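K.L.:
Could you work out the structure for the sequence below:
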Amino acid sequence: MLKISGLKAVVEGMEILKGIDLEVKPGEVHGIMGPNGSGKSTLARVLSGDPTYAVTGGEVDYCGQDLLAMAPDERARTGLFLAFQYPVEVPGVTIGNFLRTAFNSRREEELSAMEFYGLLLNKVRELGLADQWVNRYLNEGFSGGEKKRNEILQMMVLEPQLCILDETDSGLDVDALKIVSEGVNKMRSPERSIIIVTHYERLLEYIVPDKCHIMLEGRIVLSEDGIDLARRIDEQGYEHVKQQYAAQTQA
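P.N.:
Down below sits the predicted model:
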């Protein structure tokens, strides 16, 4: 699904990613953790095609295609989805119209308005939202939890191949976290891969990953199968990983 080799990226002249190597197979869920400034969100934005970040080295193969050669809209149409840490407000554009446009842009034959809204309302109800949700303006006046649920709704409707969740748990209380996690878990399938970027282990307790990775200073420095690595970070913090990485670097 995704193979990243030696990926480097800069923003405003500062190198943030310093050689990322990562392979994600179809059907896998990967958790990426790390302290502030380690490059987690930068990685998510570089993969989505954010022009703020300049790629200075490395390769990214996505389903046999050169991801870095694609424009952001091409990446989205081929099935890459980014759930933002801070979703933007778009006054005047309803959730229903926004999602119908995005949905039909990926299809050769458009669904009628009636067909699409039937599909959309089913997803809205799965997330425990009221039908009137689709008539609200995109994220306008939303709480943090509502914005995150709206990101998961978009993911459920668009059914992307590769989902990247950038600190989706940020600002969520326990109840909202459970709802969002249930929505993500419903999306798990052998054909879809999910990358979860997070500071904390708690989200990974609800969406149990196949693999966990730790990022430090723009690199993935530690990877393990399952959730045990995330649990150790929750108990011990990142200091022991930093010390281990420093020792390896000096050696």
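
K.L.:
The one helix or strand D21 maps to: which residues count as buried?
P.N.:
Using DSSP states H and E, D21 maps to strand 14-24. In terms of neighbour count (16 or more other CB atoms under 10 Å), strand 14-24 has its buried residues at E15, I16, L17, K18, I20, L22, V24. Using the backbone N, CA and C atoms, a C-beta is placed for each residue, glycine as well.

K.L.:
what's the host helix or strand of G92 packed up against?
P.N.:
In this assignment (DSSP H and E), G92 forms part of strand 90-94. Under the contact criterion of 3 or more CB pairs under 8 Å, 6 or more residues apart in numbering; DSSP states H and E, strand 90-94 touches strand 137-138.

K.L.:
Identify the neighbouring strands of the helix or strand following the strand holding D21 in the sheet and state each direction.
P.N.:
For strand 14-24, the following helix or strand on the C-terminal side (DSSP H and E) is strand 29-33. Partners of strand 29-33 in the sheet, by DSSP bridges, are strand 193-198 (parallel), strand 211-216 (parallel).

K.L.:
show me the contacts for P209.
P.N.:
V29, H30, G31, I196, G226, I227, A230 (CB atoms under 8 Å, 6 or more residues apart in numbering).

K.L.:
Surely it forms part of a helix?
P.N.:
No - with DSSP: H, G, I helix; E, B strand; the rest coil as the criterion, P209 is coil rather than part of a helix.

K.L.:
tell me the secondary structure for N104?
P.N.:
helix.

K.L.:
So for it, what's the pLDDT?
P.N.:
For N104, the pLDDT comes out at 89.

K.L.:
hang on, it packs against E110?
P.N.:
Yes - using CB atoms under 8 Å, N104 is in contact with E110, at 4.2 Å.

K.L.:
rewinding a little: now, which of the buried residues of strand 14-24 sits nearest K242?
P.N.:
K18 (15.3 Å; CB to CB).

K.L.:
Alright, I will stop here.
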